[in-house]
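>>> sequence first, then the predicted structure, then my questions.
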Amino acid sequence: MITFSDRQLSIPKLMRPVYLVTAGQSKFDRAFPGKRTEELCIDALTQAAEMIDMTPAELKSYIHTCYYGHFADHFGDQLLGEAVIHDRLGLDPLGNCGVKTGGATGGTTLWEGVKAVASGYSDCVLCMGWERMDEVPTDEGNFLISCAADKDWESPLGHIYTGYYAVMAQKYWKVFGKEEDSFRRTLAEISVKHHGYARMNPYAHGPMKITVEDVLNSPVVAHPLRALDCCLMSVGASCGILCDEETAMKLAKNAPHKPLRIWVTAGSHTLRPADRRDMEIPLLPNETKDQYKDLGKKFPGGERYPGFTGFLAARMAAYYAYNQVGIKDPTEDLDVIELHDAFTISDVQTYEDIGLRPYGCGRDYVESGDCYHTSPKTGKPGKLPSNISGGLIGCMHSVGATGIMQVFEIACHLWNRWAEVHGDEKRWKAFGRQKPADWTDLQVKGAKRGLAISHAGVGSHVTATILMNPENLIKKDA
Amino acid sequence: MSMIGQVHVKNNQYKIKGDFHHFTPNTPIRNADDAWKLMGVTNPRDMTYMHSYGGEALFFESLSQGRLMATRCDNPKCETKGSIYQPFRIHCPDCLAKMTPIDMTNIAKKTAKVHTFMVCERSGAFNILDKPIKFINIEFDGVCTILMSYLSVGEPKMGMRVVPIFQTLDPTYTILDLAWVPDGTEADQLPKGFSF
Ligand SMILES: [Zn+2]
C-alpha cells in the first residue's frame, strides 16, 4: 500500500487567470506525401489568426513564448524539430521549448503554456502540437511506438505497444465487463458514435457510417479488441493561444467570440504497468470513502487499485482539476467533454477515472445515452456529450496535436461556433473532402464549461484541461 | 566482407570491433499521378547501439543461468521496508536506498499466477517471437509488483499457475531469455534452448 503526503496532494493555484483566446488546426490524415510538417503548423496558426479576424502577422506580434508538443523525434527523423517549426513560423528569437509526454503531449504543452502565463513570465504564449507518423511503414511504425515502453523489460517482447496496453483492457473486460456480450456491444457503440461524429467534421481522418455489427465483425487485433475499436494513426497540427486577461481582451477586441478561462492539471503513473503497487482509491468530490468498500465483492478481481484496470494518472489529473476549479460533479457541472479514446475500452476506463461514473460502472455513461449529442434511444440531448470531434477513433491521433485538437473542439462549442467551423463548404473543399448530404449541426447548445483528457499510452501521463466561459465560473477565485 | 559490431569493456571504456552501421543508398520518391515529379527521398539507416544494463546486469546474466532475481528494500528506516520488487529494481522507489538482490526462482516456481494476459496477433519490425504472442502479467506471493512476460506453451487464462523457463542454451541476454509455461508442462514440450 503506498501513500502520498498532503503536500503532494495540495490543490494547484494559478497566480493570475489564464485565457484561451483562439485556436486552430490543420487537416488530419494518415499521410501527407505532399506537405512538410511546417506547412501543417502554418495552416493551424493561420486558422487561429482567422478565428479572431487577424492576420497571422498581427497575431504573431503578441506571442512572447512558444511551447511545442511533438512526441516522437524518431518518427520524423529530426531532433530539435521544434526549432525547425519555430523558424518556419518566423518566431525567432523568442524563447521556445519542446514538450514530450507520449499521447499526453498536446495536453502537457498546454499545461506548460498556462503556467508561463499564470506566473507572469509571458502575457501571450503559443502552444503548438504536431506529429509526423507517415515517414515509415506500419511495421516499422509499430516498432517506433514500442520504443515508448521500457526498452529492456517490455519492448523486446514483440515490439508491439498494443500488447503492453491490451493486457489492461483484458483485465477490465474480465473483471468489470464480466466478459458480457452486452458490454462488448456497448464498446462497439462507442466506435459507431465516434466514427459517425467524425463524418460531420471536415478535419477528421476516420469518418465512417457503420453499425455495431460492423465493429463486431472487424478483424481481431487482440481479443476482445477489434480493428474498429482502435484509434487512428494520423498526421496533422493544432495550436492554441494563451494570454493573461488584459492581453486576451486586446487580442479578442474584434473577434466573434470571447476568450475562455483555461486550467490544466497533470498526473502520472509508472511507465511499466508492472511497477504499479496497490493503494487506496484517491477520491473525487462526487465520491465517498464507503462506496468502494465492496468493489472486490461486486467485481471479483477488482480489489487491487489501480491494478491493471484503472488509470491513476487520469484520476490524479481529475482530482487536481476538479478541486482547483470547484467541480463537485462532472456530469452536472460540465457541458461537453473530449476524452482520449485510444481504444473503446480505455474510453470506458476513463469515465471511471474522472468520476463520470463510479469504478465498475463506466459502461452506464454510454448505455444511459448521456455520452451522446443526441441520444439515439430517446432522441433527446445527452446529459454530457463526449468526443463530438470523433475523438482519436474517428477524428485523429496525431500524438503531439491530439490534446490541443480536443481543446479547439471544446472551444468551438463554448464559443457557439461549432457549425460555422465544421459546416463551412469551403473548408470541406479545401481539404478535398465531400461534405455529407446528411451533415448535421452538432453544436452543444448553451455549452459553458468543458473538459479534455489527454492521455499517454498505458497511463504514464495524463492531463485534464478545463475551459469555462468567464461568466460561468464555479469558483470565483480559481 | 562486413563483421557484426561487437563490444567489450576494458579499463571502464568500451572497446569496439566490426561495423556499427551498414550503408544503403537513398532513392527518390516520385508522384505517379503527376508526371513522376519529385516528392521526397528515402533515408535508409542501419546502426548498432551499445547499451549498459548498469545495476540490472545481474538480473539479465542470471536469466541465462536459470535464475530469476528480484530486489528487496532492507533499509530499516524505510516505510515500505521488506517489499520485494519484480521487475528487478535497483533502488527502492520510496527511500531510494540500494536494494538487496534476492533469488526468487523458487517463489516463482511455487506461486506464479497469471494476473492478466493478451493474445496479440500483430507485432512490430524486429520481432523474433512466434505469433500470436501470448503476453502474460504474472503475480507472485509476497511480491508487490506484477511482472510482464510471455507464455510460450499453451493458452493463457487469468489465475492460471505458471512456472518460469530460461533460455540457458544460446541465451540472448535480454528479457526474452525468460518465458513461462503452465504448471505441469513436461521438459520435452519446452521451446528449443529453454529449460526449467
Ligand atoms: Zn525503501
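Structure received.
>>> from residue B:144, how far off is the residue of the stretch 251-400 of chain A found nearest the ion?
Closest approach between the stretch 251-400 of chain A and the ion, counting by CB to the ion: residue A:277, at 12.2 Å. C-beta here means a position set from N, CA and C on the backbone, and glycine is covered the same way. Applying CB to CB, to the nearest Å, the value for residue A:277 to residue B:144 is 5 Å.
>>> list residues touching both of those two?
Applying CB atoms under 8 Å, 6 or more residues apart in numbering or on different chains, one finds that residue A:277 and residue B:144 are jointly contacted by residue B:83.
>>> tell me which residues touch the residue nearest the centre of chain B, please.
Chain B has residue B:175 as the residue nearest its centroid, 2.0 Å off, counting by CA atoms, centre = their mean. Taking CB under 8 Å, 6+ apart, we find residue B:175 in contact with A:152, A:153, A:154, A:156, A:157, B:60, B:63, B:149.
>>> is it correct that the fifth one falls within a strand?
No - in this structure, residue A:157 is coil, not part of a strand, as judged by DSSP: H, G, I helix; E, B strand; the rest coil.
>>> how many residues are close by it?
Neighbourhood size, residue A:157 [other CB atoms under 10 Å in any protein chain shown]: 24.
>>> nearest spatial neighbour of it, skipping sequence neighbours?
Once flanking residues are discounted, residue A:157 sits nearest to residue B:150: 5.9 Å by CB to CB, 6 or more residues apart in numbering or on different chains.
>>> burial measure for that neighbour, as a count.
Residues near residue B:150, counting by other CB under 10 Å, number 22.
>>> what do you get for the one 5 residues further on?
Residue B:155 is flanked by 10 other residues according to other CB under 10 Å.
>>> now it: how far from residue B:117?
9 Å.
>>> overlap in contacts, the two.
residue B:134.
>>> now do the residue of the stretch 151-300 of chain A found nearest chain B, the pLDDT please.
Closest residue of the stretch 151-300 of chain A to chain B, CB to the nearest CB: residue A:159 (3.4 Å). pLDDT, residue A:159: 93.
>>> ditto for the one 4 residues further on
Reading off the per-residue confidence, residue A:163 sits at a pLDDT of 86.
>>> any stretches of chain B with poor pLDDT?
Within chain B, the ranges that satisfy pLDDT under 70 run B:1.
>>> go with 90
For chain B, the stretches flagged by pLDDT under 90 are B:1-3, B:12, B:22-23, B:45-47, B:121-122.
>>> and residue B:46, what are its phi and psi?
In terms of degrees, to the nearest 10, the main-chain angles of residue B:46 are phi -140, psi 110.
>>> do residue B:29 as well
Dihedral angles (degrees, to the nearest 10) for residue B:29: phi -110, psi 120.
>>> so it sits against residue B:40, correct?
Yes - taking CB atoms under 8 Å as the definition, residue B:29 is a contact partner of residue B:40 at 4.2 Å.
>>> which neighbours do the two have in common?
With CB under 8 Å, 6+ apart, residue B:29 and residue B:40 have common neighbours residue A:33.
>>> which one's more surrounded, those two?
residue B:40 (14 against 11).
>>> element containing the more buried one?
Here residue B:40 is covered by strand B:37-41, with elements defined by DSSP states H and E.
>>> after that strand, which helix or strand is next?
Following strand B:37-41 in sequence, per DSSP H and E, is strand B:46-47.
>>> pull out the buried residues from the helix or strand that that next one is followed by.
Downstream of strand B:46-47, the first helix or strand assigned by DSSP H and E is helix B:57-63. Judged by neighbour count using 16 or more other CB atoms under 10 Å in any protein chain shown, the buried positions of helix B:57-63 are B:59, B:60, B:62, B:63.
>>> tell me how many other residues crowd residue 104.
No chain specified, so I'll use chain A. By other CB under 10 Å, 34 other residues sit near residue A:104.
>>> my question was about chain B, not that one.
Count around residue B:104 with other CB under 10 Å applied: 24.
>>> also the one 3 residues further on?
Burial measure for residue B:107: 18 neighbouring residues, criterion other CB under 10 Å.
>>> do the strand or helix carrying it and chain A meet?
Using DSSP H and E, the element containing residue B:107 is helix B:105-111. No - under the criterion of CB under 8 Å from any CB of the partner chain, chain A is not reached by helix B:105-111; the shortest gap measures 14.2 Å.
>>> my read is that residue A:300 contacts residue A:175, right?
Yes - using CB under 8 Å, residue A:300 makes contact with residue A:175 at a distance of 7.2 Å.
>>> who has more neighbours out of the two?
Legend: neighbour count by other CB under 10 Å for residue A:300 and residue A:175, higher for residue A:175 (23 against 11).
>>> any idea how far residue A:398 is from that one?
For residue A:175 relative to residue A:398 (CB to CB), the value is 33 Å.
>>> re the thing from before, include distance to residue A:469 when you put the contacts of residue B:175 into a markdown table, please.
Below are those laid out as a markdown table (distance: CB to CB, whole Å):
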| residue | distance to residue A:469 |
| --- | --- |
| A:152 | 48 |
| A:153 | 46 |
| A:154 | 43 |
| A:156 | 50 |
| A:157 | 48 |
| B:60 | 56 |
| B:63 | 58 |
| B:149 | 51 |
